[in-house]
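>>> sequence and predicted structure, then a few things I'm wondering about:
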Amino acid sequence: MSIVRLSQSLRFVRAAPWPYFTGFASLLLALGLKSAGLAHWSGGDISQAVLFACWGGGWLVVALFAMADAVSRHRECERIKRMFRKYGYSERILEPLARSRCQRDAAIFAADEVGYGDVARCYFVELGYRWYHILPDLVVRNPFAFLRPSFLRASFLPGKKART
């Protein structure tokens, strides 16, 4: 693998570290459950094998959603970077991104790349966000918000207005 491709890969991960970590961990868990299911299958315990397969499939879905979220965050990072280059630093650019750790990470990474990283970090700290604020604000208020179409639209189609 060339150095350029490696640095590009690291840019993707730095733009969305939480979704990539979640996706990778979920994928490993799904593969582990698959292996356990195959072991039960070969041992003749079909019911346990099916149970492990269902759990593995569920974690595979989580991994796919996390990876899709990571790609969306990278696209959002590029969009934010273009906005910073066009308009300069503005809190109005960062304001809609404050409600989610993944979006804050993407915004800070974009700000870092154009020279506004420290100002963007200070903005989010002034709003009261710290490193341990991982879940989106909406999900903290309502854990079932993951299932709402408006939440999914806002998560996977950055820049589109979501109806709430």
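Yep, it's here.
>>> for the residue sitting nearest the centre point of the chain, which non-adjacent residue is closest in space?
The structure's the chain has its C-alpha centroid closest to residue 19; by Cα atoms, centre = their mean the separation is 3.1 Å. Spatial nearest neighbour of residue 19, excluding adjacent residues (Cβ to Cβ, 6 or more residues apart in numbering): residue 70 at 3.7 Å. Using the backbone N, CA and C atoms, a C-beta is placed for each residue, glycine as well.
>>> gap between the host helix or strand of the one you found and the chain center?
Per DSSP states H and E, residue 70 falls inside helix 46-87. Offset of helix 46-87 from its chain centre (Cα atoms, centre = their mean, to the nearest Å): 6 Å.
>>> now for the helix or strand immediately after it in the chain, which elements pack on it?
Going down the chain from helix 46-87, the next helix or strand is helix 91-94, by DSSP H and E. Here helix 91-94 touches helix 46-87, helix 101-114, helix 117-126, going by 3 or more Cβ pairs under 8 Å, 6 or more residues apart in numbering; DSSP states H and E.
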